[in-house]
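K.L.:
Just need the structure, nothing else, for what follows:
(4 chains)
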2 protein chains.
Amino acid sequence: MSKENTIGKEAANDAIVAHIKEVINIEPAEQSYFLSLLKYKKVRRRQYILQADDVCRHETYIIKGCMRSYFIDENGIEHVIMFAIENCWIGDGLSFSNSTPSAVNIDALDACEIFQIDKPSLEALYEKVPAFERFFRIKFQTAFIAEQQRVICNFTKSAQDRYLTFLERFPGLEQRIPQHQIASFLGITPQFLSQVRTIALKK
Amino acid sequence: MSKENTIGKEAANDAIVAHIKEVINIEPAEQSYFLSLLKYKKVRRRQYILQADDVCRHETYIIKGCMRSYFIDENGIEHVIMFAIENCWIGDGLSFSNSTPSAVNIDALDACEIFQIDKPSLEALYEKVPAFERFFRIKFQTAFIAEQQRVICNFTKSAQDRYLTFLERFPGLEQRIPQHQIASFLGITPQFLSQVRTIALKK
DNA sequence: CGCGACGTTGATTTGCCTCAACGATTGTGG
DNA sequence: CCACAATCGTTGAGGCAAATCAACGTCGCG
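P.N.:
Numbering: from 1, shown residues only, chains lettered A, B, ... in the order given. Here you go, the predicted structure:
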């Protein structure tokens, strides 16, 4: 039993290995090599793991908790790009790939436990265990498709329908996240989401 | 000189090899193996290479010409998901991956020349030349990032700004494509795009 | 020629935003 | 422990960007 309400590194290892093995097969030796490249971290609520203008040095896997990436436009308005919960990856691909300053912030909405892998380690991993190229190829492919669906959904549906779609696709997430951030993710104002909810949830 | 105004298979081979070598290194043997998996095709204007409810069996690389993918919503309205021109890949990742019926159509806006690779061939390629996992990992990663930017752009900017962004990002494409399809891609009505243009281009 | 595809323009409507004010809750320092 | 600020959600009035509906001109093409 861990003293706090945390997963702990042992169980975290198991979780991420299971996550990998859903997609690719790896040998025990490759598995422990992979694990040796990860840094386990606890992150407090509201703590940043990436701030705009810094270079994104890690890809981050969430074992427990919830994070968001967002950016701030020229009018000072926050726009939530994505949420990430247990078993999701988050980062700024653009900044990570090119080692350029990031335009986005990533912070914790919950107390989180995460694994991080930095670029040299990931490159080494690709080199030594090419199956991980496949792993991330599939992850990015899926993410790309999902993002296309999001564009389509935004074009096709009203704010109310998008909210309902959000509830279906991320069940229970609306309990864990302030409402105005869901509004931001959906591309509407908090006021309008409030209005939408009173109508939508009446049914 | 080819008799028609086409690229021809020889030059097409060179083009796609150059495209691959921008991202990964491959041996001559791997290169000719790769080329042996591709089917070269000419496609007429308005010809489909994928229709909704069919399974997407190929990834398609465009050597010459312009294609679009789009879907038709419950009200019968077309929504352009993406355009693809020379040196772009197009397909329906979801249908291709899962061998499920596609929701989208892909057709030619121009007379096109294309290469296609089917799933068994691509799997074999991944197997024999793992560097292609890397190639497509990077392609999907880039595509994912671009799609995120698109979401953000749609949230942040007015229709006029989005049109100007479109002109910058796909220079000259507006000459090759009917205007109402650009409108669809931008998520606005053709009428409104017309209005936007008279204002925006006045400057 | 006549028809369909395409772009334009104008009148009206609507989905969502802006601005503003107000409770409820949480957190925090004195 | 209370006072006060900050955060969060709600509600309402008014405004604007873009949609809808409709009509019309222009091509290219069978």
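
K.L.:
dump the residue contacts of A:Cys153.
P.N.:
Neighbouring residues of A:Cys153 by C-beta atoms under 8 Å, 6 or more residues apart in numbering or on different chains: A:Arg162, A:Thr165. Heads up, the C-betas are built off the backbone N, CA and C, glycines and all.

K.L.:
And the pLDDT at it?
P.N.:
In this model, A:Cys153 is scored at 94, pLDDT.

K.L.:
Could you give me the buried positions within the strand or helix carrying it?
P.N.:
Using DSSP states H and E, A:Cys153 sits within helix A:131-156. Under the neighbour-count criterion of 16 or more other C-beta atoms under 10 Å in any protein chain shown, helix A:131-156 has A:131-145, A:147-156 buried.

K.L.:
Check stretch A:162-180 too.
P.N.:
A:Arg162, A:Tyr163, A:Leu164, A:Phe166, A:Leu173, A:Ile177.

K.L.:
What of stretch A:83-90?
P.N.:
A:Phe83, A:Ala84, A:Ile85, A:Cys88, A:Trp89, A:Ile90.

K.L.:
Of those residues, which belong to strands?
P.N.:
A:Phe83, A:Ala84, A:Trp89, A:Ile90 (DSSP state E).

K.L.:
give the contact list for whatever residue of chain A ends up closest to DNA strand C.
P.N.:
Residue of chain A nearest DNA strand C, by C-beta to the nearest atom of the strand: A:Phe192 (3.3 Å). For A:Phe192, the contact set (C-beta under 8 Å, 6+ apart) comprises A:Ala159, A:Ala183.

K.L.:
So for it, what's the pLDDT?
P.N.:
At A:Phe192, pLDDT is 97.

K.L.:
Quick check: the gap between the closest residue to A:Asp107 other than its chain neighbours and A:Tyr70.
P.N.:
If the residues on either side of it in the chain are set aside, A:Asp107 comes closest to A:Tyr48, at 4.8 Å by C-beta to C-beta, 6 or more residues apart in numbering or on different chains. Distance, A:Tyr48 to A:Tyr70, using C-beta to C-beta, to the nearest Å: 11 Å.

K.L.:
what residue is smack in the middle of chain A?
P.N.:
By C-alpha atoms, centre = their mean, the mean C-alpha position of chain A lies nearest to A:Ala84, the distance being 2.9 Å.

K.L.:
what bridges to that residue?
P.N.:
Beta-bridge pairing of A:Ala84 under DSSP bridges involves A:Met67.

K.L.:
Surely it and A:Ile62 touch.
P.N.:
Yes. The pair A:Ala84 and A:Ile62 qualifies as a contact (C-beta atoms under 8 Å) at a distance of 5.5 Å.

K.L.:
Other residues contacting stretch A:20-40?
P.N.:
With contact meaning C-beta under 8 Å, 6+ apart, stretch A:20-40 is reached by A:9, A:12-13, A:16-17, A:58, A:61, A:113-118, A:121-122, A:124-125, A:128-129, A:131-132, A:134-135, A:138-139.

K.L.:
how distant is it from the center of its chain?
P.N.:
20 Å (C-alpha atoms, centre = their mean, to the nearest Å).

K.L.:
Show me the domain layout of chain A.
P.N.:
A:9-155, A:157-203 (automatic domain parsing).

K.L.:
closest one to B:His79 among these?
P.N.:
With C-beta to C-beta as the measure, domain A:9-155 is the member of the domains of chain A nearest B:His79 (5.7 Å).

K.L.:
Pull the most distant pair out of the ones in strands among the buried residues of stretch A:83-90.
P.N.:
It's A:Phe83 and A:Trp89 that sit farthest apart of these, by C-beta to C-beta, at 12.3 Å.

K.L.:
anything in contact with each of A:Ala84 and A:Ile62?
P.N.:
The contact sets of A:Ala84 and A:Ile62 overlap at A:Ile90 (C-beta under 8 Å, 6+ apart).

K.L.:
Quick one: low-confidence residue ranges for chain A.
P.N.:
Within chain A, the ranges that satisfy pLDDT under 70 run A:1-5, A:202-203.

K.L.:
go again using 90 as the cut-off
P.N.:
Scanning chain A for pLDDT under 90 picks out A:1-12, A:44-46, A:73-76, A:110-111, A:199-203.

K.L.:
Up against DNA strand C, what does it have?
P.N.:
Within chain A, the positions near DNA strand C by C-beta under 7 Å from any atom of the strand are A:Ser158, A:Ala159, A:Gln160, A:Gly187, A:Ile188, A:Thr189, A:Gln191, A:Phe192.

K.L.:
If we use 6 Å, what do you get?
P.N.:
A:Ser158, A:Ala159, A:Ile188, A:Thr189, A:Gln191, A:Phe192 (C-beta under 6 Å from any atom of the strand).

K.L.:
just checking: which of the residues you listed also lie near DNA strand D?
P.N.:
A:Gln191.

K.L.:
picking that back up, relative to the whole chain's centre, how far out is the helix holding A:Cys153?
P.N.:
Per C-alpha atoms, centre = their mean, the centroid offset for helix A:131-156 relative to its chain is 13 Å.
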